[in-house]
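J.: With the input below, show me the fold.
(chains A and B)
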Amino acid sequence: MSAEFAVEKTVDYKGLFCPMPIVKLAGAIKEIEVGQVLEMLADDPGSKADMQAWARQTGHELLDMKEEGGVFKFYVRRTS
Amino acid sequence: MAEKKKRLALVASKGSLDQAYSPLILATTAAAMGWEVAIFFTFFGFDIINKKRMNALKVSPIGNPAMPEPIPAVPMKVPNFIGTIPGMTHVATAFMKSWMGRANLPSIPEFVDMAKEMGVRLIACAMTLGVMGVDEKDLVEGVELAGATAFLDFAADADVTLYI
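T.: Residues are numbered from 1 along each chain as shown, chains lettered A, B, ... in the order given. The predicted structure follows:
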């Protein structure tokens, strides 16, 4: 997972726990256009599994995820 | 995205602070995934959508072995007989609210508002309204009044159904 893409918008959900990152993400994804990429930062240890599940359920594409010092970075392409 | 939306049907039957969170967390999460969600509030779960009571949900330390030690460094739980002293439910509730606050989790009324904004259907059990003597005016705006039949009609086509 190292495709090239441009990040349209970044949202920072560090310090938030389930379900807030996903709830806020559902709103944030609507603020970019279909095809654009959203970067999301989170430090909820459950967010890695939750982001994969959210992408599977919504159909939005999880392009990449990284972890640096306990902070996750997720890259999601809006598909619909 | 799938043609037919997935559906979650929840029954919220408990009115203690800890057990009020579970249906609201699951409902908002499902709504965030684009699912159709309805929560049927019945019996003590009715307090979650009662404007006069939703701010004052409590958790009891009595008979609750999962209640953490009040002083983390001292591995001693609060004995049940201490929990019977007047005011201890208030103390346990204050503890729990502080944990929730530390996790930046919304309060119960904020959670109910959020669920509504996300399109979660809030269904109040009409029978409970009568049995508990609740005034319809005290219910959160936007709540539908219905019975078990209406809930089961919704749940019959649900992908996930949970009773909490």
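J.: For the lengthiest helix in chain A, what is the distance to the chain centroid?
T.: Scanning chain A for the longest helix, with DSSP state H as the assignment, gives helix A:47-58. In terms of Cα atoms, centre = their mean, to the nearest Å, the centre of helix A:47-58 is found 9 Å from the chain centre.
J.: ranges for the strands of chain A?
T.: Secondary structure of chain A (DSSP state E): strands at A:7-12, A:37-42, A:61-68, A:71-77.
J.: so for the longest one, what's the average pLDDT?
T.: Along strand A:61-68, the predicted confidence averages to a pLDDT of 96.
J.: The last one too?
T.: Per-residue confidence for strand A:71-77 averages out to 97 on the pLDDT scale.
J.: ditto for the first one
T.: Strand A:7-12 carries an average pLDDT of 96.
J.: Name the residues that touch it?
T.: With contacts defined as Cβ atoms under 8 Å, 6 or more residues apart in numbering or on different chains, strand A:7-12 is touched by A:24-25, A:28, A:31-33, A:36-41, A:75. Where C-beta positions appear, they are placed from N, C-alpha and C, glycine not excepted.
J.: re the thing from before, for the longest helix of chain A, which residues meet the burial criterion?
T.: A:47, A:50, A:51, A:54, A:55, A:57, A:58 (16 or more other Cβ atoms under 10 Å in any protein chain shown).
J.: Among the residues you listed, which one sits closest to chain B?
T.: Closest approach between the buried residues of helix A:47-58 and chain B, by Cβ to the nearest Cβ: residue A:57, at 4.0 Å.
J.: So which bits of chain B are right by chain A?
T.: By Cβ under 8 Å from any Cβ of the partner chain, the residues of chain B that approach chain A are B:1-2, B:6, B:25-26, B:28-29, B:31-35, B:103-106, B:114, B:118.
J.: Narrow those residues to those in helices?
T.: Among those, DSSP H puts B:25, B:26, B:28, B:29, B:31, B:32, B:114 in helices.
J.: Mind picking the one among those that's closest to residue B:136?
T.: The nearest member of those to residue B:136, counting by Cβ to Cβ, is residue B:114 at 22.9 Å.
J.: quick one: that closest one and residue B:108, what's the gap?
T.: 11 Å (Cβ to Cβ, to the nearest Å).
J.: More neighbours: which of these two?
T.: residue B:108 (22 against 18; other Cβ atoms under 10 Å in any protein chain shown).
J.: OK, contacts around the more buried one?
T.: Neighbouring residues of residue B:108 by Cβ under 8 Å, 6+ apart: B:17, B:20, B:21, B:24, B:48, B:54, B:55, B:57.
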